[in-house]
Structures are given as structure tokens and as C-alpha cells.
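Enquirer: Predicted model follows, preceded by the sequence.
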There are 2 protein chains.
Amino acid sequence: MNSTIKDVARKANVSIATVSRILNNKTGFSEKTKKKVLRVIEELGYQPNALARGLINKNTQTIGVLIPTVSNMFASEILSGIEKHANDLGYSVIVCNTGSIGKRTIDYLQVLSEKRVDGVIIVSEFIYDDYHKILNDMDIPVVLVSTISLEFPIPYVKVDDRHAAFTATNYLIKKGHTKIAMIAGDAKDPLAGKPRIEGFKSALLSSGLQINEDYIIDCQTFSHEDGIKAMEEILQKQLDITAIFASSDELAVGAMSVAYRNGIKIPDQLSIIGYDNTKLAEMIIPSLTTVAQPLFDMGVVAATMLFEIKETGEVIQSRIMSHEIVERETVRSYFS
Amino acid sequence: MNSTIKDVARKANVSIATVSRILNNKTGFSEKTKKKVLRVIEELGYQPNALARGLINKNTQTIGVLIPTVSNMFASEILSGIEKHANDLGYSVIVCNTGSIGKRTIDYLQVLSEKRVDGVIIVSEFIYDDYHKILNDMDIPVVLVSTISLEFPIPYVKVDDRHAAFTATNYLIKKGHTKIAMIAGDAKDPLAGKPRIEGFKSALLSSGLQINEDYIIDCQTFSHEDGIKAMEEILQKQLDITAIFASSDELAVGAMSVAYRNGIKIPDQLSIIGYDNTKLAEMIIPSLTTVAQPLFDMGVVAATMLFEIKETGEVIQSRIMSHEIVERETVRSYFS
DNA sequence: TTGTAGGCGTTATCAA
DNA sequence: TTGATAACGCCTACAA
């Protein structure tokens, strides 16, 4: 059990060098010995030891993925894309669930560093100085997904949040809505929070609509639970609105459930548009109109970029993925 | 960048053996040299090479997880639990997205074998002979989650599907329902399909109700989409029912959406109970009554078992996790 | 308390 | 076409 190259060599009456050559499709052996060696490998059930290989080749055929939570549809869809493409190229992926706490990230990075992964993909996280320091010391490709670093020149793949939020809001306006609230997620979040608020505002502005800060509900997170709270706040404030733009599908769905409980019909009395286009958006009833991020593809693209950097050794251009409105059932038009 | 133990030794004027001892908290060095070495390590930013360590220690501090899809709430919740506990114990996890095709599983197993992972957790998959052969050759702990192998004695953690289905159906009956259909998922699935159907039937039987095979809708999968199809079939067949038991939350939600589109009020005109208790169940509107599997905990327990086997070297007892009805809004009572 | 040296399972460089 | 042999970075007897 777990024989080594040495065992193979001995049993086949050749040197380990020859076995190694055959294993790696190098040149320098006869067809006959190849046959023989291959048979012995089969007989022994020999499996090359990736550790020993990695030690000498300085690559492990594995990458690390830092991701806030695998157990939400947003992140897991991205992870799925990454894993898919990595696997297609013969790489394994180590998942690191950073959660919301920051400390674990450092530890994970340390571990990935010790394990000598060939690259790291970071999803939806702010890049602090110490992260970057470790990353830098590791001297391997890094790419960001759905996040960005102003401080450090790390390539990323994401949608243009401001633009997407603008598009969503504008969609509402084009449907005849003028009294619109926003459930903003974490307004302090410089990556997924602020830009979307800005996009919301500028859509209003460019249509000559008034901005009222009271109509922008700040939550702590982008979760379903906070969507509920936000909608309750909207109701309690008795905001005079016909539509809501939510910064995530979960927020939107949370809001929808409160509306439902209060007898508010969607979209008849209140329209709502989400953000992300997770599977939740199509499963919820009524199905949620939302601005889609190509989550799975973003994962694939991130992995593609990572390996491209690895191969070429060059810095790669970041990618802005295009977003699009997916029209479903939660937005009412005031025309036609 | 990427200094070795040798660099540390040289710079600290000690032997590599001493550095190694300090690194591993062994005995045999003075406090003074420890200080000195530690400082040098700090200065150099030295990180032990896990590959070299693993090569000699014969362990990699990483486990592999085979899972059909990370991008559904069921699997990702389990994965989350596994990752959590593994990480707490200093292990990394490699995710292997087996998808629905079988071939990839073999390849993944091969890779995990070459990478010399310390253990493997397999989620929701049937264990074929060749899987088992590889697993056996790897000679490492294996545990199954939400699946079971009749052929091979591999420890597992799961709920009692038959019992859980019985409980769900019985719950419906106790609420006064007598005309109940089942959306069965994949009826040919010997693990998640058949047992639930049996549980459904025996609940009916033990309450003196009739079993009508026509009322058991067989789908290919447990997906949202198939829930839609199943409900359409129910409608088209014009089954005379007041309640449905669905083999997964996704199926239930798919059915709900069709009911909604057809103006059928839930739970007023039709009650429905799901299976799993994923986050979807609490987010859907109205929120879904369902029989809960402790998904996250099952992941944690699986990891716990894995490491226990690894430590003790003994075969560990399988664990049947308890299920429970989570009462929400989709089941109407005919009493009171 | 410390150092020397052999070995973990490979690949790669020489010779032969 | 082959085979020794020196790395790769670390751990661990065994000596000192």
C-alpha cells in the first residue's frame, strides 16, 4: 500500500530515473521498458506522491480561495465557478471560510503560504495592509473577486457597482416610478455599499428627481434578516414610495416578506428590484426582478486570470463584468 | 523571500536541528537560543514548508470533501460545518465538486490520493466499487454525510430518512389532512428517494389511510425546477388533495410557485411541508414548514468523526442525527 | 544543550 | 536508452 517510485523501479528492473521519465512523458526510454514499467505501476497501484513532487517542482497544483461564507448563494456560486475552472486545469482548491471576523484571514493566509499554494483568489474582502504583506511575501498570483483594492495593485474581476445600481434605479424610473427608496446594505462598506448608493443617487439626479437621505435605509449587512428590519423601518417611517431598490437579493426578499405580512401587494402596490441574481431571485414568489452579476462566470474568469498570470508572469488587466437587468415579476410599470 | 530552515540556522548560528526543535516545541535548547532563533525567524519572515513537513511526517493537515454541488444551500451548509471544524483543528479542506457525473469522482479521488490528504468526507453520493477500491488503497479515514453504503462498512452521519418522512407525513395527518400527495424527488435514488417514499407510505398506512401510487410524483432530481414540473403534473392530473409532502425544500418551493400562479392559496387551499430546512425555507413567502436536518451540525459531526478515527485508529459508530419539524406558515390545521 | 547525518519520494543533471 | 546521485526542505535518531 502506497508504494514508491523505488518499488516500481526495483520490480521493473530499471532505475528510478527511468520510471520518473516515463511518468512525466520525457524522452529517453524504449517502448519496451515503458510497457514493462507501466504494467508494474498498474500492478502495484502506484500513485506518485504530490508532496515530493511539489517539493522539487515548486508547485502544488492547488490554489486557495478566501471567501466570507460558502453557505450563501452569492459566494457559493462564485466558488463553484472557480472550482470548475481550476479543476479543468488540474488544480485543486482549498476553501477558506473567513467569516466576518478579520483575524481568521491572516491565519488562513499563513496556512496557504506554508502549504505553498500556487495562487490565491479572494472574494468579497477588503485587503488590509497585513494581508497584502503576506500575499506579497508569498510571491504568487492573486486575484480579487467582487472586491477591489485601492491601495494595492491587485487585479480584480467585478461588476461596476455604481453603474449597476444606476441601471437598476433607472429601470425603476423608466417604468414610471418617482418615489423610490433604497435598502442600501452596509452603507459604510466602501466596496459593495457606497458605490451602489452613489449609483442610486445619480440615477435619481439625472432624471431630475429629488434625493432624500431618509429614503436610503442603512443596514449592517446584506442579509435577509436586515432586509426585514429595513422594510419595517420603511413602514414605520411611513415613507411615501412606489418602489424599492435593494442592494442584494436577500435584502429584497426580506423586504418582500414584510410587505406580504402587511398586506402590501407586490408589484401592484410596491415594486422592488434586487441585486445579484442568485437562485433565490428566481425561486422566490413572486420571482424577483434584479440586476444580475454573472456570479459563476466571475469565478471562472478569476481562475482564468490567475492561471494566466502564473503562466505569463505578467500583470493582467482587471475585468469589469457586464451586468444586466433580469426582468421578472416584482416591478410594475406605470405605463401601457 | 521563502527562506528555509537552513537560512534561519545559519543566520542564528545554530544547527538546523536546533531550529527544528524550537519550531516544534520539542525539548533540548536553552531559553536564550530560542529567543535568538525566534528573532531570526521573525526577521527572515520564515515559513516552514508544509510539503517537506508532510513528506516526512506523513500527514498533510488537509482533508478532501467530495460534494455534488457547492452552489446549493443544502450542500453548502454541510460544507460550511465541515470547514469550520476542520479549520478549528488546524486542517485545510480541499473541495471537490463532483457534479452529477460519476467520472469526475474517480479523478478527484485520484488527486486526493496523490496529494496524500489525511481523510475524506463524501457528501450525498453513492459509493461505487471503484470508489471504495481507491479509498481503501488510500488507507485513511472516510466518513459519509447524508448518504450510506450498504456494501461497504463506512461510517456515516445522516438523519433517518424514512423516519423523518414518516414524521412529516404524520404531522400533516395530525393536522387533519387525509388527502396527501408526495413530490418524491428521485424515486430511484436508494438513499434520499426510496426511504422517504417508504416513510410517507407507512405514515399513511399507520393512520389507516389509503396509498395511491398516482399521488406519488416521481421526479428526476430534488431541484426547484422539478418541483415546478411535479406541481404541474399534480394540477393536470387534478389530484384531489389538501396537502403535499415534498422531499426537499427546493421541490416544495417550486411547487408553491406553481400553486401561486394558479391562484391556489397556501396554506388555505393547499398545505405543503418540505424537507431539509435550508435557509430557503425561512426566506420563502409564506415561510415553509419543513422537517429539519441539522445540516451545519452534520458537517461538524462528520469532521469530528473523521479526526476521531484518525486519532484512535478505531472504527467509529455512525451517527443518526435527529430531525424535527419546524413549524412555519405553509401548513393549515383542520382543527381548532 | 547542541550538531551531524540519513531519509522522506521525487526530479534533474550528469555520465555511461 | 539508461543509471547514479545530488538536490528539494524538513525531522529525528544518534553522537558529542
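Expert: Received, thanks.
Enquirer: where does the residue in the stretch 101-250 of chain A that DNA strand C sits nearest to land in three-state SS?
Expert: Of all residues in the stretch 101-250 of chain A, residue A:116 sits closest to DNA strand C, with a separation of 13.2 Å (Cβ to the nearest atom of the strand). Every residue, glycine included, has its C-beta placed from N, CA and C. Assigned with DSSP: H, G, I helix; E, B strand; the rest coil, residue A:116 falls in the coil class.
Enquirer: Contacts only, for it.
Expert: Listed by Cβ atoms under 8 Å, 6 or more residues apart in numbering or on different chains, the contact partners of residue A:116 are A:54, A:58, A:59, A:60, B:49, B:50, B:51.
Enquirer: Nearest to residue A:23 among these?
Expert: Out of the contacts of residue A:116, the one with the shortest distance to residue A:23 is residue A:54. That distance is 14.7 Å, counting by Cβ to Cβ.
Enquirer: In helices only, show me the contacts of residue A:116.
Expert: Of the positions in these, A:54, B:50, B:51 sit in helices, assigned by DSSP state H.
Enquirer: What's the local residue count around the spatially closest residue to residue A:157 that is not a sequence neighbour?
Expert: Of all residues not flanking residue A:157 in the chain, residue A:319 sits nearest, at 4.4 Å (Cβ to Cβ, 6 or more residues apart in numbering or on different chains). Residues near residue A:319, counting by other Cβ atoms under 10 Å in any protein chain shown, number 18.
Enquirer: need the contact list for residue A:319.
Expert: By Cβ under 8 Å, 6+ apart, the residues touching residue A:319 are A:155, A:156, A:157, A:158, A:301, A:305.
Enquirer: Where does residue A:234 sit, in terms of helix or strand?
Expert: With secondary structure defined by DSSP states H and E, residue A:234 is part of helix A:224-237.
Enquirer: ah, wrong one, I meant residue A:258
Expert: For residue A:258, the host element (DSSP H and E) is helix A:249-261.
Enquirer: moving C-terminal of that helix, what's the next helix or strand?
Expert: Secondary structure here is assigned by DSSP H and E; on that basis, the next helix or strand after helix A:249-261 toward the C-terminus is strand A:271-276.
Enquirer: Report the next helix or strand after that next one in sequence order.
Expert: Scanning forward in sequence from strand A:271-276 by DSSP H and E, the next helix or strand is helix A:279-283.
Enquirer: Can you name every helix or strand that that following helix contacts?
Expert: Other helices and strands packing on helix A:279-283, by 3 or more Cβ pairs under 8 Å, 6 or more residues apart in numbering or on different chains; DSSP states H and E, are helix A:73-88, helix A:249-261, helix B:224-237, helix B:249-261, helix B:279-283.
Enquirer: right, so of the ones you listed, which gets closest to DNA strand D?
Expert: So among those, helix A:73-88 is nearest, using Cβ to the nearest atom of the strand, at 24.2 Å.
Enquirer: wait, does the closest one contact chain B?
Expert: Yes: remark: helix A:73-88 sits within contact range of chain B at A:73, A:76, A:77, A:79, A:80, A:83, A:84, A:87, by Cβ under 8 Å from any Cβ of the partner chain.
Enquirer: Which entries within those meet the buried criterion?
Expert: With neighbours counted using 16 or more other Cβ atoms under 10 Å in any protein chain shown, the residues of helix A:73-88 next to chain B contain these buried positions: A:73, A:76, A:77, A:79, A:80, A:83, A:84, A:87.
Enquirer: Adding pLDDT, write those residues out as a markdown table.
Expert: Written out in a markdown table, the entries for these read as follows (pLDDT from 0 to 100):
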| residue | pLDDT |
| --- | --- |
| A:73 | 93 |
| A:76 | 95 |
| A:77 | 96 |
| A:79 | 97 |
| A:80 | 96 |
| A:83 | 97 |
| A:84 | 97 |
| A:87 | 97 |
